[in-house]
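Engineer: Fold the following, please.
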Amino acid sequence: MKVAIIHDWLVTYAGAEKVLEEILNVFPEADVFSIVDFIEEDKRQFLKNKTVNTSFIQKLPFSKKKYRNYLPIMPHAVEQLDVSHYDVIISSSHAVAKGVITGPDQLHISYVHSPIRYAWDLQHQYLRETGLDKGFKGFLTRLILHKIRNWDYRTSNGVDYFLSNSNFISRRIWKVYRRDATTIYPPVDVSSFSLHQKKKEFYLTASRMVPYKKMDVIAKAFSQMPEKELVVIGDGPDFQKIKSNSNVNVRLLGYQDSETLVEYMQNAKAFVFAAEEDFGITPVEAQACGTPIIAYGKGGSKETVRGYGEAESPTGVFFNEQTPESIIEAIKHFEDVKENILPNYCRKNAERFDPENFKKELREFVEEKYINNQKVRV
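Structural biologist: You can find the predicted model right below:
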């Protein structure tokens, strides 16, 4: 098989790039395509030192820092990437990568982190959080998103098989494209997080401080429980707002390196997670340390956390609303049942998401569909 891998954009090393890294471990001879590639030279190891084929946006003014501003023309840009000489195209997509043009004898498998969130069911939330829910800019943004939705739905027909990173995203794919998707959970490097049996008395949360992560809600909940300590790791636009509204029992440490984060994860009584994520890697990493999870009971967390009273060998508890009151009730519930949520349970659950499982499932899926595609061509 001659394989091409299409990625949305390469500007950092985060969750989608970790998936790309493991896809390349499965298909090391594959060529990589992306809208833009601004990964620094000393951080390109995950790309196997490959030269990335980029779109014309790479050379447009200010594209390095303002690449997102070119979203309205990204559908056109991805359609200009020439993958006509490949047998198999694997798109890793949360925006436009799945829209690459392929022919009838080519196999296109799209691993979808999510259909474009801000164009579909999260449009209204996105517009509110960015201040684009009114005025002329708001009108123009809505018009652009409408056109992107039309393009996104149309190009779903060019995908032969959809893969999703969770059953939650499979349901979103069905809702948006009316297409079935097979779930292959993304890889989590659980080997970098060792089991720690003894826990201290503080709670932990860690994330980028942006509105949808609901870090402010977690901080408000603990500010109403002055007898309980919360450690907050992460930085972002909401940092100062959260800091100014938090009680003294809420310790904001800002950005911390990986070693420090792992140490806090290992020692925390529990990890608190309030976002509605497509999958959510951080709770899996915390469980790999043997740390229970207190999570919002919607989205990927329902698949990565085994809720107390809902599954055997529980690894955490859920709350039903993204409010301080709901989190406070969940903390109280956790305190009552924590003796039944064992570090060994958490670690074993996290091991389900080991990269080896991802690579095995992806390899088997692609090879099976490729063989079937060859038979059809004959």
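Engineer: okay, and for the protein, where does confidence drop off?
Structural biologist: Screening the chain residue by residue with the criterion pLDDT under 70, one finds the ranges 377-378.
Engineer: Could you pull out the strands in it for me?
Structural biologist: For the chain, the strands defined by DSSP state E occupy 3-7, 31-34, 53-54, 88-93, 107-112, 161-164, 181-183, 203-206, 230-233, 250-254, 270-273, 293-296, 316-319.
Engineer: could these be laid out in JSON lines, adding mean neighbour count and distance to L60?
Structural biologist: For every residue, glycine as well, the C-beta is placed using N, CA and C. As requested, those are exported to JSON lines (neighbours: other CB atoms under 10 Å; distance: least, CB to CB, whole Å):
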{"stretch": "strand 3-7", "mean neighbour count": "25", "distance to L60": "18"}
{"stretch": "strand 31-34", "mean neighbour count": "22", "distance to L60": "14"}
{"stretch": "strand 53-54", "mean neighbour count": "18", "distance to L60": "11"}
{"stretch": "strand 88-93", "mean neighbour count": "26", "distance to L60": "21"}
{"stretch": "strand 107-112", "mean neighbour count": "24", "distance to L60": "26"}
{"stretch": "strand 161-164", "mean neighbour count": "24", "distance to L60": "30"}
{"stretch": "strand 181-183", "mean neighbour count": "18", "distance to L60": "33"}
{"stretch": "strand 203-206", "mean neighbour count": "25", "distance to L60": "35"}
{"stretch": "strand 230-233", "mean neighbour count": "21", "distance to L60": "36"}
{"stretch": "strand 250-254", "mean neighbour count": "16", "distance to L60": "33"}
{"stretch": "strand 270-273", "mean neighbour count": "27", "distance to L60": "37"}
{"stretch": "strand 293-296", "mean neighbour count": "27", "distance to L60": "38"}
{"stretch": "strand 316-319", "mean neighbour count": "26", "distance to L60": "44"}
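Engineer: want to throw those into TSV with distance to K137?
Structural biologist: Formatted as TSV, these follow (distance: least, CB to CB, whole Å):
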stretch	distance to K137
strand 3-7	29
strand 31-34	28
strand 53-54	29
strand 88-93	27
strand 107-112	29
strand 161-164	33
strand 181-183	34
strand 203-206	33
strand 230-233	32
strand 250-254	32
strand 270-273	33
strand 293-296	31
strand 316-319	35
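Engineer: Looking at these, which is nearest to Q287?
Structural biologist: Comparison of these against Q287 by CB to CB identifies strand 293-296 as nearest, at 6.4 Å.
Engineer: Neighbouring strands - and their directions - for that closest one?
Structural biologist: The sheet places strand 293-296 alongside strand 270-273 (parallel), strand 316-319 (parallel), with pairing taken from DSSP bridges.
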